[in-house]
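Asks: coords please:
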Amino acid sequence: QVFPSQDPLDRADFNAVEYINTLFPTEQSLANIDEVVNKIRLKIRRLDDNIRTVVRGQTNVGQDGRQALEEAQKAIQQLFGKIKDIKDKAEKSEQMVKEITRDIKQLDHAKRHLTTSITTLNHLHMLAGGVDSLEAMTRRRQYGEVANLLQGVVNVLEHFNKYMGIPQIRQLSERVKAAQNELGQQILADFEEAFPSQGTKRPGGPSNVLRDACLVANVLDPRIKQEIIKKFIKQHLSEYLVLFQENQDVAWLDKIDRRYAWIKRQLVDYEEKYGRMFPQEWCMTERIAVDFCHVTRTELAKIMRTRAKEIEVKLLLFAIQRTTNFEGLLAKRFSGCTLADGAGKKPEVPLPSTNPFLEDEAGTETDEIVIEKSDVDKPKKPKVPDNPFHGIVSKCFEPHLYVYIESQDKNLSELIDRFVADFKAQGPPKPNVDEGGAVLPSCADLFVYYKKCMVQCSQLSTGEPMIALTTIFQKYLREYAWKILSGNLPKTTSSSGGLTITSLLKEKEGSEVAKFTLEELCLICSILSTAEYCLATTQQLEEKLKEKVDASLVERINLTGEMDTFSIVISNSIQLLVQDLDAACDPALTAMSKMQWQNVEHVGDQSPYVTSVILHIKQNVPIIRDNLASTRKYFTQFCIKFANSFIPKFINHLFKCKPISMVGAEQLLLDTHSLKMVLLDLPSIGSQVVRKAPASYTKIVVKGMTRAEMILKVVMAPHEPPVVFVDNYIKLLADCSTDTFQKILDMKGLKRSEQSSMLDLFRQRLPAPPSGVENSSSLSLSAPTPEQESSRIRKLEKLIKKRL
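Replies: Here you go, the predicted model:
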């Protein structure tokens, strides 16, 4: 670590054998062995010299170290002596400074005490005179002068808090408190006289006196101010309680506009008559409006409980709309500063209402939904509510929003029924491969309606009604998935196509059609695209619902079950497409297994069954690919599932081809290679744009079809001598199953007596450690061909290259 070295001799894992092999890699390199030995001996002598020098250099180190330590100890002792001298001199200097400044400190203390005494006497004089003046002005109701004087007296009195033990100071403090109490009672009596609780208001009260009295109330106990505000607002709203009593016709929801028109007139009247009487910071206009809102919410809640059966959806929405408009007007006119103090209880302010799918707000409720995957990944930050009055009145409608929820339940039920009827009337979408698989229009209509309901409900409430609406959403998302999507998937028929082996062997290109028609394939792709759109949109719908609901209810918003339902629809659609293509290829594979492979005399072009399989692939795959252009990942899933289904089935039919001659095995190997090339090209077959197949798909095809090729290569290998044949099988297939080995022997057409001895030999030759099977399988794919069959394999490869 200290002296890095690249020399192999310095390595911790030095291996002498490997080092010698690097010096003499070949036999020819041994010619200069003497030169290498001389170099190593020279290096050894240099190392000995270096070691000798280092050892001699360490002889006097101990004596030098002890001498250096003694010198260091002497230097430390000298340093301690100097530090002690400096400390003594510092103490003497400090003592000298204290003697010099002692007299100056005494003078400073005397000056400070004298100044404090003079200031305290001045404050005492001001306090005594102020208390006398305050009592006199209070009796004469000179509130204008009292306001300024009282504030000054209170400020001066604060300086005497530490002198309250002196009787005279305590007596002045008690006189100030008595004056404050007398002022409070006197001001309340003046307001009661000007605005009596019973009877009508007196026009033109003593506004100047009361205006000054309000200034005094600012200095007094805050309870006096609150009492003045409470009595004034109560007297101001007494007429409202009489006009809109529960038994009055104007009190019902259909005439809710009159309530808000009344308060608007009252606020204008207040500004004209009493606007200058109260201080600006009291915000009396806002306080009147806030108290009106609280009273209105209580009265509306009471009357709606009494007449709950008369509430209809249109009437409820009308009242809520007018109320929210009024709350918006309050937000424009007032700041909401009085909502936090004792004059009114602060309403629960919901999270901001944001559009669940579009970037702009709820003004464009009928716009189409735009879904972007990036929006789902972005973290959403809740905005600060810009309307502090939201819900201050409209909160009373929340217990009755079940009427709205039931209405939406009914509307969505009718909407789903209409979607079902429209689909039956219009039929499946027309195939249009140029545009890809079209999403069903009913899907967009459903989510547009969901968006409208969510925005509307979030403006009404962000509590339990939003949870109830979410439950309704979940119900009809599931109904849409089963009734519209799954319910319209084409059904697979159990009857076969009735094709015989002879017809398959003699079929011409284009003479057979797929099990599903072109329209049915396009319908499956359209349903798959719709389910994928619904899955992505439902995920975003869940995010938007969580943004709009109260924070305490977020955990109850969960649409995972509905997203799983759409995932099931997608999986079923892909499975249908795979089953259709797989079933179309079944007769060709059956024909392959029924052929007399022991009678094949020469290797020719690809067999008719291969042509049939390729024909079906070329018929179906381009249609599916073009209709799934917008959902490329699901087309890849289709390809993978088809490969996982077709290749094992092909190998099973391959085992049924027995017995097989050497030429027949070569023909099958040629056919297998042709199918392998077609499967590798499956994702882009028939496409003008050639894309590289996904690595996951290519890996599956290569692994499966290579196994098929290895099976045929084992069949082609001579079974004599048996040991070589068994070892070749284990190398190429790495399959320890006796069943597979038995099938290979059947394909070769061996007699039962020969198979029995082969099976015994196979069991003996199996590798001992089971963990090595996996490693040997990975090596077997690239294992060289044995010499016994090398000539035939090279001949077959030339034939394949010539055909390609």
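Asks: per-domain residue ranges of the chain.
Replies: According to the TED database, the chain comprises the domains 145-333, 394-490+517-571.
Asks: rank those by pLDDT, which is bottom?
Replies: Ranked by mean pLDDT, the domains of the chain end with domain 145-333 at the bottom, a mean of 75.
Asks: so what's the gap between that one and the chain middle?
Replies: Using C-alpha atoms, centre = their mean, to the nearest Å, the distance from the centre of domain 145-333 to the centre of the chain it belongs to is 48 Å.
Asks: quick one on the thing from earlier: for D671, which of the domains of the chain is the nearest?
Replies: Distances from D671 to each of these were compared using C-beta to C-beta; the shortest belongs to domain 394-490+517-571, at 27.1 Å. Backbone N, C-alpha and C define where each C-beta goes, glycine included.
Asks: just the helices in the stretch 601-750 of the chain please.
Replies: Using DSSP state H, counting those that start in this stretch, the helices of the stretch 601-750 of the chain run over residues 608-627, 632-656, 662-680, 695-716, 722-733, 738-748.
Asks: how far away is the residue nearest to E542 when sequence neighbours are not counted from F244?
Replies: Spatial nearest neighbour of E542, excluding adjacent residues (C-beta to C-beta, 6 or more residues apart in numbering): L559 at 4.3 Å. Spatial separation of L559 from F244 under the definition C-beta to C-beta, to the nearest Å is 43 Å.
Asks: how about T530?
Replies: Summarising the geometry, the distance separating T530 from F244, computed by C-beta to C-beta, is 52 Å.
Asks: quick revisit: reformat the helices of the stretch 601-750 of the chain as JSON lines; add mean neighbour count, distance to Q168 and mean pLDDT.
Replies: Compiled in JSON lines, those are given as follows (neighbours: other C-beta atoms under 10 Å; distance: least, C-beta to C-beta, whole Å; pLDDT from 0 to 100):
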{"stretch": "helix 608-627", "mean neighbour count": "21", "distance to Q168": "101", "mean pLDDT": "89"}
{"stretch": "helix 632-656", "mean neighbour count": "19", "distance to Q168": "92", "mean pLDDT": "91"}
{"stretch": "helix 662-680", "mean neighbour count": "21", "distance to Q168": "109", "mean pLDDT": "90"}
{"stretch": "helix 695-716", "mean neighbour count": "19", "distance to Q168": "97", "mean pLDDT": "90"}
{"stretch": "helix 722-733", "mean neighbour count": "18", "distance to Q168": "115", "mean pLDDT": "83"}
{"stretch": "helix 738-748", "mean neighbour count": "19", "distance to Q168": "116", "mean pLDDT": "84"}
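Asks: so which of the ones you listed gets nearest V600?
Replies: Distances from V600 to each of the helices of the stretch 601-750 of the chain were compared using C-beta to C-beta; the minimum, 4.1 Å, belongs to helix 662-680.
Asks: what distance do you get for the residue nearest to E542 to L477?
Replies: Noted for L559: a distance of 7 Å to L477, by C-beta to C-beta.
Asks: and what of L253?
Replies: To L477, L253 is 33 Å away according to C-beta to C-beta.
Asks: can you check S573 too?
Replies: Between S573 and L477 the distance is 17 Å, computed by C-beta to C-beta.
Asks: try S674
Replies: Using C-beta to C-beta, one obtains 46 Å as the distance from S674 to L477.
Asks: quick one on the thing from earlier: L559 and L477: who's more crowded?
Replies: Higher neighbour count among L559 and L477: L477, with 24 against 19, using other C-beta atoms under 10 Å.
Asks: so what touches the helix or strand containing the more buried one?
Replies: Under DSSP states H and E, the secondary-structure element containing L477 is helix 464-479. The contact list for helix 464-479 (C-beta atoms under 8 Å, 6 or more residues apart in numbering) reads 398, 401-402, 404-405, 408-409, 412-413, 415-416, 446, 450, 453-454, 457-458, 534, 538, 541, 545, 548-550, 553, 556-557, 559, 561-562, 565-566.
Asks: how about it as PDB, C-alpha atoms only?
Replies: As requested, C-alpha coordinates have been extracted for helix 464-479 and formatted as PDB (Å, rounded to 0.1, in the frame of the first residue of the first chain):
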ATOM      1  CA  GLU A 464     -67.400  11.400   3.500                       C
ATOM      2  CA  PRO A 465     -69.300  12.300   0.300                       C
ATOM      3  CA  MET A 466     -66.100  12.000  -1.700                       C
ATOM      4  CA  ILE A 467     -65.600   8.500  -0.200                       C
ATOM      5  CA  ALA A 468     -69.200   7.600  -1.200                       C
ATOM      6  CA  LEU A 469     -68.600   8.900  -4.700                       C
ATOM      7  CA  THR A 470     -65.400   6.900  -5.000                       C
ATOM      8  CA  THR A 471     -67.400   3.800  -4.100                       C
ATOM      9  CA  ILE A 472     -69.800   4.600  -6.900                       C
ATOM     10  CA  PHE A 473     -66.800   5.100  -9.300                       C
ATOM     11  CA  GLN A 474     -65.400   1.700  -8.300                       C
ATOM     12  CA  LYS A 475     -68.800   0.000  -8.800                       C
ATOM     13  CA  TYR A 476     -69.200   1.200 -12.400                       C
ATOM     14  CA  LEU A 477     -65.500   0.800 -13.300                       C
ATOM     15  CA  ARG A 478     -66.000  -2.900 -12.600                       C
ATOM     16  CA  GLU A 479     -69.300  -3.000 -14.400                       C
END
